[in-house]
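**Q** Here's a sequence, model it:
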Amino acid sequence: MRNIAYGVTAALAAAVVVAELLHAATLLIFGLTALALIGLAWVLGQATESLGVHAGPRIGGILNATFGNAAELIITIFALSAGLTTVVKASIIGSIIGNVLFVLGASLLLGGLKNGTQTFSSTIAGINASMLAIVAAALALPTIFAATLPGTPPTFLSIEVAVVMFVLYILYLIFYFRSPEGQAAGPEHEPQFGRAASFVLLIGATAAVAYVSEAFVGALEPLTEEVGLSELFVGIIIVPVVGNIAEHIVGVQIAYKNQMDFSMGISLGSSIQVALLVTPILVFFGAFIGQPLQLVFTPLELGALAAAVIITGFIALDGKSNWLEGAMLLGVYIISALAFFYAP
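**A** Below is the predicted model:
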């Protein structure tokens, strides 16, 4: 089955190259690139996981943390280079609420329906929820600054906030990997590939993601004009789903197997990684290429983020979850998606 998946992914990547050379319709290129990125994100995850098994649990954890959002990071780097700052900023919020509301919600719903009430470490979950609250404050304050001082561009403030967030991410990793409760890992198994093959596959998949991401971003702007979707909706919903769907599926599958600590580590940990690692990288990169990324968001974006953080905090409080809590998270995500769909 995995060999078939590898073959389909390779075929989709090749189809993207052909469609680009033939200057195919925008909608076709967008569809092919989206499907190819989903497959390549899965391949990237397989290569990272295999290399992590060879390297041991601690290094493997760092590799998974580093490459967990690689596909989305590459997509947003190309989008930022193309000047699509609205899409990039929306993808930051979209990734956070997507992981917290959609992925965690689906995990709690399906896991709860199969296993009943599930338990997890309230200590680690509480730390993750607290870190998300800090993230919400860090992303909101530059917006408040821009609103209260309209003549003052918050570019330098955004860079300083990004530095603080990056430092917090390093401290978060140190705490997580030194904590006994932070050593939880997935089920042990033999690596799919040898060490060298895993590394080669990782490099090759990353290069393929970079090429397909450029085509994907190139189709975004024409697509928004042809179909009538707003850049806000594309960034909030479409980009995070395409970049992270492979990781999302794994999180839900693990919850279904009643491994809630690992599942919550994927959903909440990925949100924190987007906020504290991917966001600073994008801010620094934007300043470097002359496309400053100001951390100024719309009230709708910050409202959705605040709702996600508050609800997650309540769920993480007691170290227990059930299917109804998952349904509630999914309900809030659907409401948010509808609001962003109708936003101009």
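
**Q** Next, name the residue at the spatial heart of the chain.
**A** Ser95 (4.4 Å; C-alpha atoms, centre = their mean).

**Q** how about that residue, what does it touch?
**A** Contacts for Ser95 (C-beta atoms under 8 Å, 6 or more residues apart in numbering) come out as Asn69, Glu72, Pro240, Gly243, Asn244, Ser270, Ser271, Val274, Val278. (C-beta placed from N, C-alpha, C; glycine too.)

**Q** just checking, Ala70 touches Val43?
**A** No: at 11.1 Å, Ala70 and Val43 do not qualify as touching, with contact defined as C-beta atoms under 8 Å.

**Q** Looking at these two, which is more packed in?
**A** Each of Ala70 and Val43 has its neighbours counted (other C-beta atoms under 10 Å); Val43 has more, 24 against 21.

**Q** quick one, phi/psi of the more buried one?
**A** When read as degrees, to the nearest 10, the backbone of Val43 gives phi -60, psi -40.

**Q** Start the count at 526 instead of 1 going forward.
**A** All right, first residue 526 from here; so that's Val568.

**Q** Roughly how far does the residue lying closest to it once chain neighbours are set aside sit from Ala604?
**A** The spatially closest residue to Val568, leaving aside those adjacent along the chain, is Ala730, at 4.6 Å (C-beta to C-beta, 6 or more residues apart in numbering). Applying C-beta to C-beta, to the nearest Å, the value for Ala730 to Ala604 is 20 Å.

**Q** With Thr677 instead?
**A** Applying C-beta to C-beta, the value for Thr677 to Ala604 is 26 Å.

**Q** what ranges do the strands span in the stretch 626-775 of the chain?
**A** 643-644 (DSSP state E, counting those that start in this stretch).

**Q** what bits of it have low per-residue confidence?
**A** Counting by pLDDT under 70, the stretch 626-775 of the chain shows low-confidence ranges at 704-715, 771-772.

**Q** picking up where we left off before, pLDDT score assigned to the residue nearest to the centre of the chain?
**A** pLDDT, Ser620: 91.

**Q** One more: Ile617?
**A** Looking at Ile617, its pLDDT is 94.

**Q** and Ala730 and Ala604? which has more neighbours close in?
**A** Set Ala730 next to Ala604 and count neighbours by other C-beta under 10 Å: Ala604 wins out with 29 against 25.

**Q** neighbouring contacts of the helix or strand hosting that one?
**A** Using DSSP states H and E, Ala604 falls within helix 595-606. By C-beta under 8 Å, 6+ apart, the residues outside helix 595-606 that reach it are 562, 565-566, 569, 612-613, 616-617, 620, 731, 734-735, 738-739, 741-742, 745, 764-765, 767-769, 799, 803, 806-807, 810-811, 814, 816, 818.

**Q** 7 Å instead, please
**A** By C-beta atoms under 7 Å, 6 or more residues apart in numbering, the residues outside helix 595-606 that reach it are 562, 565-566, 569, 612-613, 616, 620, 731, 734-735, 738-739, 741-742, 764-765, 768-769, 803, 806-807, 810-811, 814, 816, 818.

**Q** got the angle for the very next helix or strand once past it vs helix 595-606?
**A** Downstream of helix 595-606, the first helix or strand assigned by DSSP H and E is helix 610-622. Counting by axes from the mean of the first three to the mean of the last three C-alpha atoms, to 10 degrees, helix 610-622 lies at 160 degrees to helix 595-606.

**Q** which ones are touching Thr837?
**A** Thr837 neighbours (C-beta under 7 Å, 6+ apart): Val625, Ala654, Leu657.

**Q** switch to 8 Å and redo it
**A** If you count contacts by C-beta under 8 Å, 6+ apart, Thr837 has them with Val625, Leu629, Ala654, Leu657, Leu793, Leu854.

**Q** Over to Leu634?
**A** For Leu634, the contacting residues are Trp848, Gly851, Ala852, Leu855, by C-beta under 8 Å, 6+ apart.

**Q** and if you look at Val857?
**A** By C-beta under 8 Å, 6+ apart, Val857 lies in contact with Leu626, Gly630, Ala832, Ala833, Ile836.

**Q** give me the element it is part of.
**A** Going by DSSP H and E, Val857 is in helix 848-867.

**Q** Can you report how many residues lie near His548?
**A** Residues lying near His548 (other C-beta under 10 Å) number 8.

**Q** swap in Phe718?
**A** Phe718: 18 surrounding residues under other C-beta under 10 Å.

**Q** okay but it is in contact with Leu726, surely?
**A** Yes: counting by C-beta under 8 Å, Phe718 touches Leu726, with 6.3 Å between them.

**Q** Among the contacts of Ser620, which one sits closest to Ala550?
**A** Within these, the smallest distance to Ala550 is 23.0 Å, found for Gly768 (C-beta to C-beta).

**Q** how close does the closest one sit to Ile529?
**A** According to C-beta to C-beta, Gly768 and Ile529 sit 23 Å apart.

**Q** Give me the more crowded residue out of these two.
**A** Gly768 (31 against 8).

**Q** With Ser647 as the reference, measure out to the residue nearest to the more buried one when sequence neighbours are not counted.
**A** Spatial nearest neighbour of Gly768, chain neighbours left out: Glu597 (3.0 Å); criterion: C-beta to C-beta, 6+ apart. Between Glu597 and Ser647 the distance is 29 Å, computed by C-beta to C-beta.
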